[in-house]
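K.L.:
Got a sequence here, can you model it:
(2 chains)
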Amino acid sequence: MIKNLVIVESPAKAKTIEKFLGKDYKVLSSYGHIRDLKKKDFSIDISKNYKPLYEIPADKKKLVDELCKLSKEAETVWLASDEDREGEAIAWHLYEVLGLSPEKTKRIVFHEITKNAILHAIDNPRSIDNNLVNAQQARRILDRIVGFELSPILWRKVKPALSAGRVQSVAVRVIVEREREIQQFKADAAYRVIALFKVKDDKGNITEMKAELNQRLQTKEEALALLESCKKADFPIEEITQKPLKKSPAAPFTTSTLQQEAARKLNFSVSQTMMVAQKLYEAGHITYMRTDSMNLSEMAIATAKEEITQSMGEQYVKTRQYHTKSKGAQEAHEAIRPTYMNKAAIDGTAQEKKLYDLIRKRTIASQMSDAELEKTTVTIGIGENKYKFLAIGEVIKFDGFLRVYRESTDDETESSDSDARLLPPMSVGELLDFAEISATERFTQRPARYSEASLVRKLEELGIGRPSTYAPTISTIQQREYVEKGDRTGEERQFNTLKLKSNKISDTTGKEMVGNEKAKLFPTNIGIVVNDFLTEYFPDILNFNFTANVEKEFDNIAEGEIEWTTAIDSFYKAFHPVVERTSAIKTEHKVGERILGVDPKSGRQVSVKISRFGPVVQIGTADEEEKPVFASLKKSESMETISLEAALKHFELPRTLGEYEEKEVTVGAGRFGPYVKHNSVYVSLPKGGDPMTIKLEEAIVLIEEKRKKESEKQIKTFEQDPDIEVLNGRYGPYIAYKKKNYKIPKGKVPAELSYEECMSIINSK
DNA sequence: CAGTGAGCGAGCTTCCGCTTGACTT
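P.N.:
Residues are numbered from 1 along each chain as shown, chains lettered A, B, ... in the order given. This is a model prediction of the structure:
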């Protein structure tokens, strides 16, 4: 018999809270939502005023039974889910499903997991806020309507198993639009002029000081003219200004900022960050990792202060409260911070240690004083010229929070200004000599493609998605093949440098690589076609402000100003007819189909489109007597821009090279790249191998190499069981047994494995 | 991860948010 049953959302939280509350309280977790719209069906009864049809998912049944049993036994049930829209709905679903009565049910909330906060909550129970619950139901139903009405249109008009939704479709749009900006981008060149002046440092030694012209010069003529004028000009120091500069620390981590910094500083993917953070949370090292709040508890602020004072001194402390600015933030939790501020290091994997360290430093820094810097600007004249050279120096007077933590940025732009340092002593009126002056052609940078983390930042800016969905959204749009994560080698670009040295001007051409990108998100052909289709027919849903607008409606519902069904009805009445009309449009062609021209060989039409299995080139049409022929598009080829010639190239393969050992040798391009086929054996072409130009002799070499490898592949077999083989694979030796492969433990020599040893390796798996 | 190299069609697919395991490799 238990007196009090407390239900929270997370089991780790339950464990902590139970310690605070003592033996009269049993604390259990609902593991998030316990009930949802049915998974398969539409599950909204439009004719009954949008009545939702809820069900308890199969994997929650056991848990709900358990909660049911204990809630019957308890005197009081405390619904302690989070204080936000979803949390309120969880409380309400629990109330309904567990069949609770108003008398024995209390709704409590707390923002931080401290004993005081929880006892305070227990002393101040309330009842379930039905308006807030209804706002959640509206959110849920709107998302279901959008997702389940749009997706089937895509199945019919583009490709089966695709999906669309309020969040994912806008995420794809962001990426497609960035790609178009990049395509349309034209780099502007301008000359950046830098002078190296000779100055004495404080010890009297000559050093070089870098100064940049206060303006970039648009043309080579201007640059040449400037350098020419520098030949006989004086370079007087006209002005020296000193300006104090303050830098403030970044706010403590939210989910989104943690994902961004872990990507920049630790190279973690968004989902990797979340997995590691989850482990830290479960081990009790950090507070909850899915949060949009920058708030720190009083206890956290106090212990941070203590920690800073002890380790660095009082002058480093500055108590700060941060407020979340992001759209639609619900702030049900604290910021992500260490549970115990004084714990400098934790036990765990290398990744866990690194992420913990990042979180701790960021939190500590957020409670530290500003860094104080002094920025010195020296203005240097060029004879009578209107242009000036500027030398900029920066000195840190007091490091403040910089002692602990410096936030990174995504900009990989020219970083030469960021290494500004202390300038040597100088005085106004002093005339300077230069060592050299160079004018280098610099180009404006095209916009960068999104990384996972910068996409999260963009979505957060737009108020789209929630801390719990950023990582899943990114994996959804990749699973649907709308977007691909990949690298792209940049292009080589030439640039011109003019240099004035020893009274002579040289003119040289340099080379640089531009636009190198790693682990960035690229839209696929399917992503582009789906996006263009949706933005054309459903501009309202794809609008970047759609979520922000419906959030306002949800707020109105939460305030009790409007019925949730009224809000949904007005949305549905506008949306559904568009769905109907769009589905009814009889298109002769598939969405995204492009006719490229006529095949000169057969006289048949050549087109590109998205087929059941992805983008293809097609020769002929379905209505002709002779069936059309197809070839898959390569990933790097764009449906929008591919030419007729490039499309026809696909049909030149497979081609026959000749005969070897009385069997035909052919070369083709398969799913996994180009290959040579001989006697029904496939050999992949080495990297860079071109199936269009490969010669028979080269192909034979490949075939022989494969045979040799094949013969060396088998290391050992056993009489006892011919199914067991010790083989040499691409990644080293392994054991193959009945279609499955097994790793050989370290320290074993593959050729010396006994039958018994192999069996035990197999059985231990 | 340990080899792959079609096919144009039956039934199925799908949303967003809240939360963790339980399964492999």
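K.L.:
Touching stretch A:726-742 from outside, list them.
P.N.:
For stretch A:726-742, the surrounding residues in contact (C-beta atoms under 8 Å, 6 or more residues apart in numbering) are A:712-717, A:723-725, A:743-744, A:750-751, A:753, A:758, A:761-762, A:765. Just so you know, the C-beta spots here come from the backbone N, C-alpha and C atoms, and that holds for glycine as well.
K.L.:
Which positions within the helix or strand of chain A with the lowest mean pLDDT qualify as buried?
P.N.:
When each helix and strand of chain A is scored by mean pLDDT, DSSP states H and E, strand A:740-743 comes last, with a mean of 74. Burial within strand A:740-743, assessed by neighbour count using 16 or more other C-beta atoms under 10 Å, is assigned to A:Tyr742.
K.L.:
Which strands border that strand, and is each parallel or antiparallel?
P.N.:
Using DSSP bridges, the neighbouring strands of strand A:740-743 in the sheet come out as strand A:732-737 (antiparallel).
K.L.:
Report the buried residues of the strand it pairs with.
P.N.:
Using 16+ other C-beta under 10 Å, the residues of strand A:732-737 that count as buried are A:Pro733, A:Tyr734, A:Ile735, A:Ala736, A:Tyr737.
K.L.:
ok, of the residues you listed, which one's closest to DNA strand B?
P.N.:
Looking at the buried residues of strand A:732-737 and their distance to DNA strand B, the nearest is A:Tyr734, at 4.0 Å (C-beta to the nearest atom of the strand).
K.L.:
Just want the most central residue of chain A.
P.N.:
Among the residues of chain A, the one closest to the centroid is A:Glu452, at 1.3 Å (C-alpha atoms, centre = their mean).
K.L.:
mind checking how far the nearest residue to it once chain neighbours are set aside is from DNA strand B?
P.N.:
When the adjacent residues along the chain are set aside, A:Glu452 lies closest to A:Val270, with 4.4 Å between them (C-beta to C-beta, 6 or more residues apart in numbering). Remark: distance between A:Val270 and DNA strand B (C-beta to the nearest atom of the strand, to the nearest Å) = 14 Å.
K.L.:
Tell me, how many residues neighbour A:Val270?
P.N.:
A:Val270 sits with 25 neighbouring residues when counted by other C-beta atoms under 10 Å.
K.L.:
returning to that earlier point: could you list every residue that touches the residue nearest to the centre of chain A?
P.N.:
Contacts of A:Glu452 were listed using C-beta under 8 Å, 6+ apart, and they are A:Gln259, A:Ala263, A:Ser269, A:Val270, A:Ile474, A:Lys485, A:Ala519, A:Leu521.
K.L.:
A:Thr717 now?
P.N.:
Shown here is A:Thr717, whose contacts under the criterion C-beta under 8 Å, 6+ apart are A:Ile724, A:Glu725, A:Val726.
K.L.:
so how far is the one helix or strand the second one maps to off the chain centroid?
P.N.:
When you say that, I think you mean A:Glu725. According to DSSP states H and E, A:Glu725 maps onto strand A:724-729. If you compare the mean C-alpha spot of strand A:724-729 with that of the full chain, they lie 39 Å apart, counting by C-alpha atoms, centre = their mean, to the nearest Å.
K.L.:
how close does the closest residue to DNA strand B within the stretch 201-350 of chain A sit to A:Leu462?
P.N.:
For the stretch 201-350 of chain A, the residue positioned closest to DNA strand B under C-beta to the nearest atom of the strand is A:Arg290, at a distance of 4.1 Å. Distance, A:Arg290 to A:Leu462, by C-beta to C-beta, to the nearest Å: 19 Å.
K.L.:
One more: A:Asp234?
P.N.:
54 Å.
K.L.:
How about the secondary structure of A:Lys72?
P.N.:
helix (DSSP: H, G, I helix; E, B strand; the rest coil).
K.L.:
Give me the neighbour count for it.
P.N.:
By the other C-beta under 10 Å criterion, the neighbourhood of A:Lys72 contains 13 residues.
K.L.:
Can you read off the pLDDT for it?
P.N.:
Predicted confidence (pLDDT) at A:Lys72: the value is 95.
K.L.:
next one: the one 10 residues further on
P.N.:
Per-residue pLDDT puts A:Asp82 at 95.
K.L.:
Doesn't it lie inside a strand?
P.N.:
No: A:Asp82 is assigned coil when assessed by three-state DSSP, not a strand.
K.L.:
coming back round to it: next, the angle strand A:732-737 makes with the strand holding A:Glu725.
P.N.:
Interaxial angle of strand A:724-729 relative to strand A:732-737 (axes from the mean of the first three to the mean of the last three C-alpha atoms, to 10 degrees): 150 degrees.
K.L.:
Strand A:724-729: partners in the sheet, and parallel or antiparallel?
P.N.:
With DSSP bridges as the criterion, the sheet partners recorded for strand A:724-729 are strand A:714-717 (antiparallel), strand A:732-737 (antiparallel).
K.L.:
which one of those strands lies closest to A:Phe253?
P.N.:
Smallest distance to A:Phe253 across the strands paired with strand A:724-729 (C-beta to C-beta): 40.2 Å, for strand A:732-737.
K.L.:
now could you export just the CA positions of that closest one as PDB?
P.N.:
Output of strand A:732-737 as PDB, limited to C-alpha atoms (Å, rounded to 0.1, in the frame of the first residue of the first chain):
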ATOM      1  CA  GLY A 732      40.900  -8.000 -42.400                       C
ATOM      2  CA  PRO A 733      40.400 -11.600 -41.500                       C
ATOM      3  CA  TYR A 734      37.000 -12.800 -40.300                       C
ATOM      4  CA  ILE A 735      35.100 -16.000 -39.800                       C
ATOM      5  CA  ALA A 736      32.100 -16.800 -42.000                       C
ATOM      6  CA  TYR A 737      29.500 -19.300 -40.900                       C
END
